[in-house]
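Undergrad: Provided below are the primary sequence and the corresponding predicted coordinates.
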Amino acid sequence: MSYQDIYKSWQDDPEGFWMAQAEAIDWDQKPTKALHDDNAPLYEWFADAKVNTCWNAVDRHVEAGRGDQTAIIYDSPVTHTKREISYFELRNRVAGLAGALRAKGVEKGDRVIIYMPMIPEALEAMLACARIGAIHSVVFGGFAANELAVRIDDAKPKAIIAASCGIEPGRVVHYKPLLDGAIELAQHKPDFCVIFQREQEVAHLEEGRDYNWHGFQYGVEPAECVPVEGNHPAYILYTSGTTGQPKGVMRPTAGHLVALNWTMKNIYNVEPGEVFWAASDVGWVVGHSYICYGPLITGNTTIVFEGKPIGTPDAGTFWRIIDEHKVKSFFTAPTAFRAVRREDPTGEFIKKYDLSGLRAVYLAGERADPATIEWAQEKLNVPIIDHWWQTETGWAIAANPLGIEELPVKLGSPSVPMPGYDVQILDEAGHPVEAGTLGAIAIKLPLPPGTLPNLWNAEERFKKSYLNTFPGYYETGDAGMKDEDGYLYIMARTDDVINVAGHRLSTGGMEEVLASHPDVAECAVIGVADELKGQLPLGFLCLNSGCDRDHADVVKECVKLVRDKIGPVAAFKLAVVVDRLPKTRSGKILRGTMVKIADGEEFKMPATIDDPAILDEIATSLKTLGYPAS
């Protein structure tokens, strides 16, 4: 069947479509129907079923005789460690940890915060919670104490599972002091903590509260899988907003299982037993969906990678892992590829490895600029697939579904909506606009299985954030357009559409043009306040490694490029060369913070920022252009 056939089969009979997909899941009690809409616009999927995520991700593969297959490959260039864990071993490890948690009073519905680096034990902790029906909330390892405290007070965990430290190239990140500080700051106090002691740093344990991971499980009965209701939350994942209280996105158990299972073959085109690698972190949604749950639910081998795309030890890290572990499908962020391309523009490192087993590369996390995709297409000679989704949705809204058929790639587009997503482009009044017109991207309700049904303890905020602007739709917060073929183009966050003398312009469109300049490795465009035109675009350019051209010449060429491609209407005259851009740890560029610096406004240090020192560099570079205007 073609993509069009499958999408139409969903449109014609959404209920039948999702009930058919549910057949692939092992149910303790099968659902009687897919959609439960009695509490619309708060929709639920498979709510009357009973099921266990850990059983579906681990035990059923062992029971089916595939226990010897590798479930997890751990590859840590920062600690020079590699090991493999079979499904059989994973089941025993997870059951042991789950039994120890249960023996200490953790039960179905209790929350457990997980604060760990990229080690297999992080996945084991997630699965152990799922095994007994506890709701986990993974917090990115190394988050500041204050940010962790906010999440402790919101989730009110019975227990916290953490590691003594994280390892970054050239430094040890001290997790335990951050955890101690967070517990001190928080109003809510967990009953106990479990600390995985790493040999790089053995942390002090508080007597009576902290338990050593290795001794915690002695003499405890392993736990069996506890069936939970289909609408029982599998986890809470806090979105990393730059201001205010983070939003606790809830993921319902049954819809999560059905949707992720469908994606592994249909989108990522992998079969059970093949190696799938998402180079992300368990602290983000990609780590939940495609390091832990998705690959294991379908019986793939997943890779837990502790390192960086460059510097551990060089720009060939990705290619070494793909070669060594026979990766079939690889998922990373465009920002990681831009970093590799900047270090190795000619692809010398790629030539050192055998990548013949790699079938496709998937990019998501922010817009994949055409220049980066073209570079990867040329150097890797496999489909480079941009796809688009959000923490809130948990899986792809739009993609090129290689497991169904390979659609033509259109540079700058994550391709087409997946079954379950009726994507519309709306004007400010909520009316659909014509093809090729920029507008707000919204999805007609109900959202498909596996997406957020609500926020944790914040129903009014859920409605205000996502449902109230366009009644009957989920507001994505992104701006973009569709072409005549139904391909979607994500141009910017709605906040990043700037108004230049009455013209609504996408900063993403300008970034696309700037990134096409041969010397530009990475760029960002923001809108700065202007008395005459309302806003003016301002570009930041990072140049390729080894580029020694005069910066003023590059800026002049980039300004001309935007004028030629977009026209004088863009009023693009301001650009500056910088060494690096401020980003979150997951690679998203902090454009909003850069705007505040340029406009001279107060700003709160983003909790997720990778290196705060970059903001000073941005401020210094802005001064050369006269910003903030005094």
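TA: The structure has been received and is ready for your questions.
Undergrad: list the contacts for V576?
TA: Applying C-beta atoms under 8 Å, 6 or more residues apart in numbering, one finds that V576 lies in contact with 538-541, 555, 621-622, 624-625. In short, each C-beta sits where N, CA and C put it, glycine included.
Undergrad: Kindly report the same for F196.
TA: Under the criterion of C-beta under 8 Å, 6+ apart, the contact partners of F196 comprise 116, 119, 121, 161-164, 213.
Undergrad: So which of the residues you listed are in strands?
TA: Filtering the contacts of F196 for membership in strands, criterion DSSP state E, returns 161-163.
Undergrad: Any chance of JSON lines for those, columns neighbour count?
TA: Below are the ones in strands among the contacts of F196 laid out as JSON lines (neighbours: other C-beta atoms under 10 Å):
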{"residue": "I161", "neighbour count": "30"}
{"residue": "A162", "neighbour count": "28"}
{"residue": "A163", "neighbour count": "29"}
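Undergrad: got those residues as TSV, with pLDDT columns?
TA: Shown next, in TSV, are the ones in strands among the contacts of F196 (pLDDT from 0 to 100):
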residue	pLDDT
I161	98
A162	98
A163	98
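Undergrad: Among those, find me the one that's closest to Y353.
TA: For the ones in strands among the contacts of F196, the residue nearest Y353 by C-beta to C-beta is A163; the value is 30.6 Å.
Undergrad: List the beta-bridge partners for the closest one.
TA: With beta bridges defined as DSSP bridges, A163 has these partners: F196.
Undergrad: try R493
TA: Assessed by DSSP bridges, R493 has beta-bridge partners D478.
Undergrad: burial of it, as a residue count?
TA: 17 (other C-beta atoms under 10 Å).
Undergrad: My guess is it contacts A479. True?
TA: Yes: counting by C-beta atoms under 8 Å, R493 does reach A479; the two are 7.0 Å apart.
Undergrad: any idea how far V172 is from Q200?
TA: Using C-beta to C-beta, to the nearest Å, Q200 is found at 6 Å from V172.
Undergrad: Give me the phi and psi for D37.
TA: As for D37, its main-chain torsions (degrees, to the nearest 10) stand at phi -120, psi 20.
Undergrad: what touches both of Q200 and V172?
TA: Taking C-beta under 8 Å, 6+ apart as the contact criterion, the common neighbours of Q200 and V172 are C165.
Undergrad: Next, the buried residues of the least confident helix or strand in the chain by mean pLDDT.
TA: Sorted by mean pLDDT, DSSP states H and E, the helices and strands of the chain end with strand 503-506, the least confident at a mean of 73. Of the residues in strand 503-506, those with enough neighbours to count as buried (16 or more other C-beta atoms under 10 Å) are 505-506.
Undergrad: Adjacent strands (with direction) for it?
TA: Taking DSSP bridges as the criterion, strand 503-506 forms sheet pairs with strand 497-500 (antiparallel).
Undergrad: quick one: contacts of the partner strand?
TA: Outside strand 497-500, the residues that touch it by C-beta under 8 Å, 6+ apart are 438, 479, 491, 504-507, 527, 533-537, 569-571.
Undergrad: Settle this for me: A162 is touching K176, isn't it.
TA: Yes: at 6.9 Å, A162 and K176 qualify as touching, with contact defined as C-beta under 8 Å.
Undergrad: Brilliant, that's me finished.
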